[in-house]
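[1] 3D model of this:
(chains A and B)
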Amino acid sequence: MSLRGVVGFCILLAVVVGASVQQGRQRESDHRQVLAHRGEERRIRDADIDFFARRVKEDPTGAIDLAKLGGLYLRRARETGNNEDILRAERAARRSIENRRRSNSSGYRLLANSLMGQHRFAEAREAAFTLTATDDADLTGRALLGEIDLELGRYHEADSLFNRLRVVRNQLTIAPRYARWAELRGRAGEARRLLADTRRAILSREDLPSEQVAWFDLRLGEFALRMGASNEATMYLAHGLQVAPDDWRLLGALARLAATRGDARETIEYGERAIAQALDPATLGVVGDAYRTLGDTGKAEEYVRAMETAVATQLGPYHRAWSLYLLDHNRRIPDVLANVKAELQERRDVYGYDLLAWALYKSARFPEAQTVMHQALAVGTEDPLLQRHARAIEAAAAGPGA
Amino acid sequence: MPLPILALVTAGALLGDLRHPLHTSLTQIRLDATRGIATVTLRVFSQDLPSLVNDDAIRGFLLAGLLVTDPAGRPIPLQFQRRRVESDVTYFELMLDAPRGLTNLRILNRLLWDRFGDQINILQAQYGGRQASLLFLKGDAPKSLP
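    Purely as a prediction, here's the structure:
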């Protein structure tokens, strides 16, 4: 290369490097701005909590302030993972209802939501039922009741409620629940379109906290992840992280996404960031698996043992994702089996039957697993996980060589 | 105040992971290699803490819970700096002399083990261009930073 060529190359290189550094600085600056914005949102949220807590103290006989205070506790619970805030929300809701039994939709809605957050679905249904019975114009209340019916496996009741909400399904307070119904009832495409449309509507608004904007990215990202559309999942989750860089649910989902791609280092990176914000036992399991992939069995065992400790001390039903993890790793199979059987007494939903079928399969009880899996598939849910379980159970039930 | 629309919309889907009270703490250690000092920040949910009426009580609580030794087993003292409360979370800041870095330091984080059988203490350290994590469950022995 001539001297002019070398000089030209060096100038070009300097320009490219300079632009790259500039881009990096811009990204860093944007990141700092977003974090500062998130910090400000949290500060305002906490100031609002203090404000309404003071008002409630000054007038303990009111109902609206208690419902607002409880709503803020629920929001903080989502953001920080602090279970105590859900309990605070429930207490606020009960006090609100005690103070005013009639015309208190926000109190009943808060009670139903805080009970759902604790997976006390039967009680949540009672609260939502009272809400719809006392205010039949409350469409959000009906969607909430439908959502609880879905969790309880009362699909015919849910069908009846959501069929009547079709014309208002685009409303922000109804769309996510309607989409969940469509997804469970085998219309995944419709669910995806509705969520995507709602997300677009959300992005054009400036009055919503970033956590609530990012929630739609999380929902769509997890949806795509379930369906095996990893590029789409990456797009949504990455966007969500731009809006809410420290959201532990997005970080956990990104860890799972990296795990599906077989990228153990990225799984650990996202997983550790998620755990630093809030501890989700499922993320511990995913990170543990990533360490095992890298050959660090000691570290893997440390994470899986932590996950088991968190799960084992729980009263009542295990979280579904934790149970699946334990079964997939052939751990605590009898415990999970007994647990899901007990849970199905009250909650007979698709994923409960799927979990029972999978626990029976892992217990080598294949014909029983086959029967239960048919019940899971009867609802029509499109989910590759269900199909994968069904195939494995069918193959095992048919016996070797079939 | 923005209308908390989704707070009333999506509790089921969003809060599904939160129904169980998990007892955790997070400790983050950052090494300032030029000064040979590490900053230790401990984050705990305030409701999990015992009553800590003054700095002596805080020191006692922290120093009994968080033990650091050098590779030869000699204790390295932690200096309590300050406590701050943000929202429902309490942060404790400590300093640690680390003239030789953090590699091979042995750490035991048994904070709150006496209060909660399921306490999980997470420790994340940044030093020498690397990151390392340690998890401490009740009954664990001290662990080394790699």
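
[2] isn't residue B:71 right up against residue B:107?
    No. Residue B:71 is beyond contact range of residue B:107, at 11.7 Å (criterion: CB atoms under 8 Å). Any C-beta I mention is one placed from the backbone N, CA and C, and that applies to glycine too.

[3] between the two, which one's more packed in?
    residue B:107 (23 against 11; other CB atoms under 10 Å in any protein chain shown).

[4] pull the contacting residues for that one.
    Residue B:107 makes contacts with B:66-69, B:123, B:134, B:142-145, as judged by CB atoms under 8 Å, 6 or more residues apart in numbering or on different chains.

[5] Throw these into CSV and include distance to residue A:82 and neighbour count, thanks.
    Converted to CSV, the contacts of residue B:107 look like this (distance: CB to CB, whole Å; neighbours: other CB atoms under 10 Å in any protein chain shown):
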residue, distance to residue A:82, neighbour count
B:66, 22, 23
B:67, 27, 15
B:68, 28, 24
B:69, 33, 15
B:123, 20, 22
B:134, 23, 22
B:142, 29, 16
B:143, 27, 18
B:144, 31, 13
B:145, 29, 19
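
[6] hang on, the earlier thing: list residues touching both of residue B:71 and residue B:107?
    residue B:144.

[7] do a quick rundown of the strands in chain B.
    Here chain B has its strands, by DSSP state E, at B:24-32, B:37-45, B:66-69, B:78-86, B:89-97, B:106-109, B:120-127, B:130-137, B:143-144.

[8] and the average pLDDT for the shortest one is what?
    Over the span of strand B:143-144, the pLDDT mean works out to 96.

[9] least trustworthy helix or strand in chain B by mean pLDDT?
    Using mean pLDDT, DSSP states H and E, the weakest-scoring helix or strand in chain B turns out to be helix B:11-15, at a mean of 42.

[10] about what we covered before: please list which of the contacts of residue B:107 also come close to chain A.
    residue B:134 (CB under 8 Å from any CB of the partner chain).

[11] so which of the contacts of residue B:107 is the closest to residue A:72?
    Nearest to residue A:72 among those is residue B:123, at 31.4 Å by CB to CB.

[12] which secondary structure elements does the helix or strand that residue A:375 is a member of contact?
    Assigned by DSSP states H and E, residue A:375 falls within helix A:366-377. When contacts are defined as 3 or more CB pairs under 8 Å, 6 or more residues apart in numbering or on different chains; DSSP states H and E, helix A:366-377 packs onto helix A:350-362, helix A:384-398.

[13] how far off helix A:384-398 does that helix point, in degrees?
    For helix A:366-377 against helix A:384-398, the angle by axes from the mean of the first three to the mean of the last three CA atoms, to 10 degrees is 150 degrees.

[14] list the buried residues in helix A:366-377.
    Buried residues in helix A:366-377, defined by neighbour count with 16 or more other CB atoms under 10 Å in any protein chain shown: A:366, A:369-370, A:372-373, A:375-377.

[15] who's in contact with stretch A:139-149?
    Counting by CB under 8 Å, 6+ apart, A:105, A:108-109, A:112-113, A:116, A:121, A:124-125, A:128-129, A:131-132, A:135, A:155, A:157-158, A:161-162, A:164-165, A:168, A:171, A:173-174, A:177-178, A:180-181, B:8-9, B:12 sit against stretch A:139-149.

[16] filter those to the buried ones?
    A:105, A:108-109, A:112-113, A:116, A:121, A:124-125, A:128-129, A:131-132, A:135, A:155, A:157-158, A:161-162, A:165, A:171, A:173-174, A:177-178, A:180-181, B:8-9, B:12.

[17] from those, which land in helices?
    Per DSSP state H, helices hold the following members of the buried ones among the contacts of stretch A:139-149: A:105, A:108-109, A:112-113, A:116, A:121, A:124-125, A:128-129, A:131-132, A:155, A:157-158, A:161-162, A:177-178, A:180-181, B:12.

[18] low-confidence stretches in chain B?
    B:1-21 (pLDDT under 70).

[19] try it again at 50.
    Low-confidence segments of chain B (pLDDT under 50): B:1-19.

[20] my guess is residue A:242 contacts residue A:35. True?
    No. Assessed by CB under 8 Å, residue A:242 is found out of contact with residue A:35, at 11.2 Å.

[21] go ahead and flag the most central residue of chain B.
    residue B:27 (2.4 Å; CA atoms, centre = their mean).

[22] next helix or strand past the helix or strand of chain A with the lowest mean pLDDT?
    Least confident helix or strand of chain A, by mean pLDDT, DSSP H and E, is helix A:3-58 with a mean of 76. Sequence order places helix A:64-80 as the next helix or strand after helix A:3-58, per DSSP H and E.

[23] now do the buried residues in that next one.
    Quick answer for helix A:64-80 (16+ other CB under 10 Å): A:65-80.

[24] what's the angle between that helix and strand B:37-45?
    Taking the same axes, to 10 degrees, one finds helix A:64-80 and strand B:37-45 inclined to each other by 140 degrees.

[25] residues of the stretch 201-350 of chain A that sit close to chain B?
    Counting by CB under 8 Å from any CB, the positions of the stretch 201-350 of chain A adjacent to chain B are A:207-209, A:212, A:215, A:219, A:249, A:272, A:275-276, A:279-282, A:284, A:302-303, A:305-306, A:309-310, A:312-314, A:319, A:321.

[26] can I take it that residue A:346 is in a strand?
    No. Applying DSSP: H, G, I helix; E, B strand; the rest coil, one finds residue A:346 to be coil, outside a strand.

[27] tell me, how many residues neighbour it?
    Neighbour count for residue A:346, taken as other CB under 10 Å: 13.

[28] from chain B, how far off is it?
    Look at residue A:346 and chain B: by CB to the nearest CB, to the nearest Å, they are 14 Å apart.

[29] I'd guessed that residue sits against residue A:154; true?
    No. Counting by CB under 8 Å, residue A:346 does not reach residue A:154; the two are 10.9 Å apart.

[30] I'd assumed residue A:101 was in a helix, is it?
    No. Looking at residue A:101 with three-state DSSP, it is coil, so not inside a helix.
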